[in-house]
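Q: got a predicted structure plus its sequence, pasted below:
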Number of protein chains: 4
Amino acid sequence: MNKVRFGLVGGGFGALIGRVHKMAAELSGSAELVCGAFSRDPIQSKKAGVELFGIDPHRAYPDVETMCLMESAVDESKRAEVMIIATPNHSHFEIAKQCLNSGFHVVCDKPMTVSVNQAQTLAELVEVTGLSFGLTYNYTGYPMVRQARRMILDGQLGEIRRVSCEYLQGWLANDLSENKQAAWRTDPELAGPTGCFGDIGSHAENLVSYVSNLEMKEVCADLTRFVPGRRLDDDGTVLIRFRGGAKGYISASQIAVGRENDISLEIYGTKGSIEWKHSDPNSLVCRRNGEPLQIYRSGGPGEESVSRDHGLPAGHPEGFIEAFSEIYRNFFENIRESSEPTFPSVKDGVRGMRFLETVVTSSEEGSVWKSLEGEAT
Amino acid sequence: MNKVRFGLVGGGFGALIGRVHKMAAELSGSAELVCGAFSRDPIQSKKAGVELFGIDPHRAYPDVETMCLMESAVDESKRAEVMIIATPNHSHFEIAKQCLNSGFHVVCDKPMTVSVNQAQTLAELVEVTGLSFGLTYNYTGYPMVRQARRMILDGQLGEIRRVSCEYLQGWLANDLSENKQAAWRTDPELAGPTGCFGDIGSHAENLVSYVSNLEMKEVCADLTRFVPGRRLDDDGTVLIRFRGGAKGYISASQIAVGRENDISLEIYGTKGSIEWKHSDPNSLVCRRNGEPLQIYRSGGPGEESVSRDHGLPAGHPEGFIEAFSEIYRNFFENIRESSEPTFPSVKDGVRGMRFLETVVTSSEEGSVWKSLEGEAT
Amino acid sequence: MNKVRFGLVGGGFGALIGRVHKMAAELSGSAELVCGAFSRDPIQSKKAGVELFGIDPHRAYPDVETMCLMESAVDESKRAEVMIIATPNHSHFEIAKQCLNSGFHVVCDKPMTVSVNQAQTLAELVEVTGLSFGLTYNYTGYPMVRQARRMILDGQLGEIRRVSCEYLQGWLANDLSENKQAAWRTDPELAGPTGCFGDIGSHAENLVSYVSNLEMKEVCADLTRFVPGRRLDDDGTVLIRFRGGAKGYISASQIAVGRENDISLEIYGTKGSIEWKHSDPNSLVCRRNGEPLQIYRSGGPGEESVSRDHGLPAGHPEGFIEAFSEIYRNFFENIRESSEPTFPSVKDGVRGMRFLETVVTSSEEGSVWKSLEGEAT
Amino acid sequence: MNKVRFGLVGGGFGALIGRVHKMAAELSGSAELVCGAFSRDPIQSKKAGVELFGIDPHRAYPDVETMCLMESAVDESKRAEVMIIATPNHSHFEIAKQCLNSGFHVVCDKPMTVSVNQAQTLAELVEVTGLSFGLTYNYTGYPMVRQARRMILDGQLGEIRRVSCEYLQGWLANDLSENKQAAWRTDPELAGPTGCFGDIGSHAENLVSYVSNLEMKEVCADLTRFVPGRRLDDDGTVLIRFRGGAKGYISASQIAVGRENDISLEIYGTKGSIEWKHSDPNSLVCRRNGEPLQIYRSGGPGEESVSRDHGLPAGHPEGFIEAFSEIYRNFFENIRESSEPTFPSVKDGVRGMRFLETVVTSSEEGSVWKSLEGEAT
C-alpha cells in the first residue's frame, strides 16, 4: 500500500497542534507530509517546511490558495491527497472550502467553524463534492472510549439516565496574552463566539455524544469570564436534557489551577455505569448492579475494540498521539479502501457548532433552557 | 472528667444511623448512652434498648414525650444531658422542640427539619434556651476536610473562583420500597419536599459552605425522578452563584449505579486548588500554580488540624466513624468545658433548609435562578 | 448481654497503642475498661487511670502483680475478666504468665514474646489453664483481608505460586532516640533480638500466613541497620520458600522516607491473584485469567465476610480502629458465647517468634537458607 | 536535516517488537526504514518488507549477511546507516558483529547477548570501529524516569539506602508453547540461560542502575520455574547489595496472573524517596522528610527533563512508543550531530549480561551471594 500524501495548513514555529497532527498522521504508518502552508508569513512558511518538517522547499507554500493551485498541478502520483487544517478556528471555514473546492480530502481541527451557518455550508459542500471530511475530536480515538461506546450500544448499561463530563485545565488561570496559543484562543476575532467552550467544551460535547449515543434536546448554560480583561468565557457549566429522558451536565474550565488536560466522563444506566478519565486513559471503570467493580484495560481481557489489531498488548501505555493517530488510521483506510468511516465527520461538526451557539445564547439570556433541535425538526 | 450521658431517639431494629450515632458518640471517649426512645412501638423500643444497646430497660421509653418527662425526674448525676435525634426528617422538628423545651441539649441528624420555617423556629428556641444544638453534617469531621477549610481561610488558594461538589450513590437505582431505609427517604410524608437532595445534596451544600467559606447567592436547579413511581427526586444538578463572584455546581444522585457514598469536592482559587474525595478520605490533593501537585495526609506533614491531638499517626486510616466522632468530641467538650464550638450548628440547619427549599422551587419553576438571600438582606 | 470487663497494662502518658487497644475494645460495643497498670511508676499509673481513662482510682494499680492480686478479690460481677497487654515486647512474657496464672484471659500485642522458648512456654500455659489468649495482629481484622483469605480457601485463585508482602515506614529514617516510642523499639533490651522485623515484619509474616494459608518452609534473610548508632535492624528483605512449592518474599523497612504504615500484600495463584494495600484498606483487587480486573469493596457486592453484620454499608470507610476492633469483637464473643475463635491465637505467636528468630539467624550467618520447621517435624 | 536511514532485522509476520522499533524510530521525526531482513525465510522476508512495511522489495533481504553486503553497495545518499536488531536474544551477537564489521551503527534489543563473553567482545568491537551502539532499555526513555535520575544525581534524596524494583507480567502463567513470542522466550537455545530474568529482569537491572546511579556489588538470587515443563525461570527474586552500603531487591515474574507490564521502582535516600510505576508512567511520586507527598508530572511544574523540547504539554499522556522513541531520538542526534549520548550503550549491555549470569549462578548454587565485580576490579 503506498502512503497517503498530505499537506498541512498551520503548524509553524511556536505552534503545537500542527506538529501533533503530523506525528499522529504518520504514526498510522501509512501517510507522509508532502507540502504545507505553515504560516501566513511566506518566509516563515518556507522556513518551517524546511527546518521543522524537512520537506521539499518548493512545496512549502505562502498561502492555502497557492497550495491548492500548485498541488493540483503536481503529478498525480506525488500530489497531496489530503489537507490537514490546524489553524485558529476562525479560518477553518475558508480554508476547508478552498481545499474541498480544489478536490482535496480534508481533516480539520475542532471546532469545525465559528458558526452553525458556516458548518452547514461545509456539510453541503462535502455532500456535493463526495470528498472525505474528518474532524479531530481525538478523544474518541482512545481504545477505552471506544470500548465504552460499544458497551452502551450493546445495551450493557441498560437505559441511560445520567451523563456527566468535565474538562478541566488550569493554564489560562492568569492572563497569558503574550502566549501565542493563549492569545488566539481568548480573542473573539480568531476563536469565535466562545473561548473555553469552543476550545475544550466542544471536545466534551463530542465525547458525550459519541459514547452515550444520545441526542441532546436542550441546554441551560452559565458561562463566566474570570480573568480580568478576558473577552471570552474561561469557565462554564451546562445542564443538559437528552431526548428520551436522560439528563446530565458538561462543565469545562481553563482556570482550574493545576489541572492539565483532565477530561473525564461518567455515564449511568439502569443496569450499569462507566467512568473514563484522560489522566488514566487505558482504563475503563465499569460498575454493574450487584457485581464488584471492573476495570477494562486497553489490550486486556474483555476489550473488543477494533483498534486492537493496531495497538499494543495490555500494559504498554497508549497516549495522546496514539489516540489521535487512530482517527487518522481510519480516515486513511477510508480513503484508500473505502472502509467504514468511524472518524468524526462533518455531521459531528454541525452538531458541535449548534451546541456551542446554543450554549452561548442560553448563557447570555441568563441560563434559560434552549432547544438544540431547532431547524432539525 | 465524667462521661456525658445521652439518650437516643430512633436507632431501633433495622436502623443504621442510630447505631452509628452511638458508636461515634462513644468513640469520642467521653460519653455513654443511658436512655432512649428507639421505636414508635413501645415494645420494640424496650426490646431494642435491652438487646441492641444493653441499657436499663426502665430507661427504654415508649416515646419522646415520656422520655423527656421521666428523664427530667432522674437524679441529676445520672440524668441524660443530651438527646440525639436519629429519626426520619419529618419528625426532627417536634422531637427537637420537645427536647429543648425539656432542657436537654440536642444533636440532630440532617437535614434539620422539613422547612425553613421549622428551622427558624428551632433556631429561635436554641437562642432562647441557651442550650447547645449540633447537626451531624459528619463529613466536616474528616481531618483533611478541616485542613482544606483552614488552607482556604489562610488564603493559600487565593480568591476562590470555582467550586464543585458531587455526591453519588447507586443504592436507589431500583425501586426499593420494601427496604425500611429506602422507604422513608422516598416518601414525602416522612422525608420532606426533597428526596435525593434532602438526603445527600444537603451534605454537599454543607461541605461546600464549610470548606469554601463562601455564601451562596442564587441557584438554578434541575431535579429528576428517574425510578418509575418514585415520588421524590433521586437525582439532580444545581448551578450556583456565590457572593463575590465565584461559581460552581452541586450534583447529587442516588441512581448512579455502583457508586457507594461518593462525595467529592473541588475548589479552585486564583493561586491554587484542592480536591477531596470520600473514597480516599485521608488524602487532600492540593495543586498550586507552578508547583508539583501535593498530597496532604491525615496525621502527616503539613497537616494542621486540631483534631490531631485525638487522631492517630499518619498511615492509620481514619474512617466514617472517626469523622462522625469528631463532631461529637467537640460537642461534648463544648458542653463540659465551654470550648469553642466547631460542630455544625443551628445556623447550618437554617441555611441548609433554605438551600433545599430554594432548589426545589427553582427546579419546579423550570430551572430559573432563585435567590438564597431572601429575608436575609 | 453485659459488657466484658477488661484491664489494661501499659497505655500511660505518651503511649499510643494502649489507647488504641481501649478504643478498639470498646468500639466492639461490648466491653469496658475497669482497671489497669498503666505505668511502671505508681503515681503515673494512678494519674493515667484517672485523667486519661476516667476509671476508679483504686483500680489504677502500681504494677501487674498487684493488679492480678487485687482484681482477683473484686466481686465477680465487677472483676476484670480480660487483661490487655500493651507494653514493650520484652515484658510480654512475664506479664502474660502472671495474668494467665491469676485466671485472666489475655489479649497481647505482637510479637508475643522475645524468643521461641518463651512463646512455647506461654502456649503450654494457655493449654493448661484453658483460658483464651489473643494476639492483636490487627491487619487480619480488615474485611478485605478476610475476603482475600476466604477466596484463597475457596480455591478461587487456584494453587498459590507467588506471595509478596511489604511493610514500609519512614519514621525511623533518622535517629529518634529521644522519642519514647522509637527508643524502646530500637533497644534490644526492650524490643528483643530484632527491631524492624519484630515490630512490623512480624505483621507481614502474620498477614502472609493468615491470607495465603501456606506454611513457610525456609527463609533467607538480609537485615540491615542503616541509621548510624542504631543497635537493631531498621530494614530487611527475606526470601521465602513455602511448603508445596510457592515462593515469595517479605520486605520491611522503617527508613523508607515518607512511607506511613504501608503494608501491602500480593498473592498469585494459577487461576487468579489478589492485591491489598493498607493505604486503601476497603478495596481488594482481584485479577483472574482472561477477565477484567475486579475490585471488591468492604460491604459491597461479592463481599462475603462475616464481619458484615457488624460493619457499615459500602462507601463508609472503615479504618484502623474498626479493623482492630474486629479482633476484639470476636475475642469477646468467644469468651461470652464460646463462638468460633477467628482472632490470632497463641499458635500465631509461636509461629511468629520462630519466623523472627530464624530470620535473625539467617541474616547473621550471611543470608543462608534456614528451615522454619525445626522441632515441629 | 535529512532523515536517518535504517534497516531492521526481525519484525516479520507475528512479531511485535520489530514493529515497535520502527514506530519508535520514525516517531522521532527524523528516520525512515529503507531495508530489512525481516525473517529467516527469504520469501517471508520479502513479503513482510512489502506488505508490512511498504519498502522497496529489492531491499527486503533474505538474511543479514546479504543485507550488509548489498547495502554497502547502495549509493551513500540512500544507504542504510543504522541496523536495528529485533530478533531473539541468541542471535544478537552474530548479527551485531556482522553489522558493525560492515560499518553500520547498531541499535539492539536487550539483553545484548546471551553471555558476558559475547558482550565483552561486542564492546571491544564498538570501541575499535568507533560506531554508535544503542540498546533499547526503553523504560529509561520515560520523562519521569529521567526526572528521577536527575533528582538523585542532584542529591535531592540524600544518600541512597534502599532500592527495590518489581517487574510483573502474567502472560506466561500457563504453557504457551504454541505462541511464537512465548516459544522463543522459554527456549534456552533461543533466549539464553535465563527466561524471565533475561526478558524482563534485565529491564529492572537497567532501570535500577540508570536511576539510582549505584553499582551493584553482589547478588543472592532464587529463580523458579513454575509452569510444568518449562525449561527456563519464569519467576525470581534477587537480593542486592550495592557499593557504598545501599541494599535492595529486584523481583520479576511472568506468572503473576493479571499483571500486564508492571515494572515499578522505589528508591529511598536519607532525605527523600521516589516511586515510579509503568502503569502511571507520566507521574513521579516524591516523598521528602517533613513535607507533603509530591507528584511530578511529565511536562508539568518542576520537571526538568531535556526531553521536554520534544514532548507534549502536561496532561497529554505519553506512552510506550513515545518513551521508546526518546531513545531513538537521542541515538539519531548522536549520529547526526555528535550530541551527548544518553541512550543505553554497550556498557549497559556488558553490565546487564554480568548481572544475568551472576543471578543464574547464585540461584543454581542455592542462593549464595555472588560478586558482580569479578574481572572488573
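A: Yep, it's here. Residues are numbered from 1 along each chain as shown, chains lettered A, B, ... in the order given.

Q: tell me the pLDDT of the residue in the stretch 51-200 of chain A positioned nearest to chain C.
A: Relative to chain C, the nearest point of the stretch 51-200 of chain A is A:Q147 (10.1 Å; CB to the nearest CB). In short, each C-beta sits where N, CA and C put it, glycine included. We have a pLDDT of 95 for A:Q147.

Q: any idea how far D:D280 is from it?
A: Relative to D:D280, A:Q147 is positioned 20 Å away (CB to CB, to the nearest Å).

Q: wait, the residue of the stretch 51-200 of chain A closest to chain C touches A:G300, no?
A: No: with contact defined as CB atoms under 8 Å, A:Q147 does not reach A:G300; the gap is 9.9 Å.

Q: can you pull out the helices in the stretch 201-350 of chain A?
A: Here the stretch 201-350 of chain A has its helices, by DSSP state H, counting those that start in this stretch, at A:202-212, A:320-337, A:346-364.

Q: pairing partners for the helix or strand just after the longest one, with directions?
A: Just to be clear, that refers to helix A:346-364. Counting by DSSP states H and E, the next helix or strand C-terminal to helix A:346-364 is strand A:370-371. Under the criterion DSSP bridges, strand A:370-371 sits next to strand A:216-224 (antiparallel) in its sheet.

Q: residues touching the partner strand, excluding its own?
A: Residues from elsewhere that reach strand A:216-224, judged by CB atoms under 8 Å, 6 or more residues apart in numbering or on different chains: A:194, A:196-197, A:205, A:208-209, A:233-243, A:355, A:358-360, A:362-363, A:367-373, B:220, B:222, B:239, B:241, B:247, B:367.

Q: the closest residue in space to A:D280 that isn't next to it in sequence: neighbouring residues, count only.
A: Nearest residue to A:D280, sequence neighbours excluded (CB to CB, 6 or more residues apart in numbering or on different chains): D:D280, at 7.0 Å. Using other CB atoms under 10 Å in any protein chain shown, D:D280 has 19 neighbouring residues.

Q: what distance do you get for D:D280 to chain B?
A: 13 Å (CB to the nearest CB, to the nearest Å).

Q: any idea how far D:R329 is from that residue?
A: 23 Å.

Q: surely A:P143 is in contact with A:S283?
A: No: at 10.4 Å, A:P143 does not count as touching A:S283 under the criterion of CB under 8 Å.

Q: who has more neighbours, these two?
A: Using other CB under 10 Å, the more surrounded residue of A:P143 and A:S283 is A:P143, with 28 against 18.

Q: check contacts around the residue of chain A most remote from its centre.
A: If you look at how far each residue of chain A sits from its centre, by CA atoms, centre = their mean, the farthest one is A:G290, at 36.1 Å. Counting by CB under 8 Å, 6+ apart, A:G290 makes contact with C:P301.

Q: distance check, it against B:I152.
A: Distance of A:G290 to B:I152, given as CB to CB: 40 Å.

Q: enumerate the residues of the stretch 251-377 of chain A near chain B.
A: By CB under 8 Å from any CB of the partner chain, the residues of the stretch 251-377 of chain A that approach chain B are A:251, A:253, A:255-259, A:266, A:268-273, A:287-289, A:293, A:366-367, A:369.

Q: pull out the buried members of those.
A: A:251, A:253, A:255-259, A:266, A:268-273, A:287-289, A:293, A:367, A:369 (16 or more other CB atoms under 10 Å in any protein chain shown).

Q: of these, list those near chain C.
A: Okay, of these touching chain C (CB under 8 Å from any CB), that's A:L293.

Q: show me the buried ones among the residues of the stretch 251-377 of chain A next to chain B that map onto strands.
A: In strands, judged by DSSP state E, the following of these are found: A:251, A:253, A:266, A:268-269, A:272-273, A:287-288, A:293.

Q: which of these sit farthest apart?
A: A:S253 and A:R288 (31.3 Å; CB to CB).

Q: give me the domain ranges for chain A.
A: Per the record, chain A has its domains at A:4-138, A:143-310+A:350-364, by automatic domain parsing.

Q: show me which residues of the lowest-mean-pLDDT helix or strand in chain A are buried.
A: Of all helical and strand segments in chain A, the minimum by mean pLDDT, DSSP states H and E falls on helix A:180-185, at a mean of 88. Buried residues in helix A:180-185, defined by neighbour count with 16+ other CB under 10 Å: A:181-182, A:184-185.

Q: make CSV from the residues you listed and add distance to D:S325 to it.
A: Shown next, in CSV, are the buried residues of helix A:180-185 (distance: CB to CB, whole Å):
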residue, distance to D:S325
A:Q181, 24
A:A182, 28
A:W184, 29
A:R185, 29
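
Q: just name the closest of the residues you listed to B:A314, please.
A: For the buried residues of helix A:180-185, the nearest to B:A314 is A:A182 (39.7 Å; CB to CB).

Q: spatially nearest residue to the closest one, not counting backbone neighbours?
A: Using CB to CB, 6+ apart, the nearest residue to A:A182 is A:L176, at 3.7 Å.

Q: burial count for that neighbour?
A: 17.

Q: just the pLDDT at A:D109, thanks.
A: 97.

Q: any idea how far it lies from A:H92?
A: 7 Å.

Q: intersection of neighbour lists for A:P143 and A:S283?
A: Counting by CB under 8 Å, 6+ apart, the common neighbours of A:P143 and A:S283 are A:S298.

Q: which residues touch A:D199?
A: Contacts for A:D199 were tallied using CB under 8 Å, 6+ apart; they are A:185, A:191, A:254.

Q: and of those, the nearest to chain B?
A: A:Q254 (10.6 Å).

Q: what separation is there between the closest one and C:I263?
A: Going from A:Q254 to C:I263 by CB to CB gives 41 Å.
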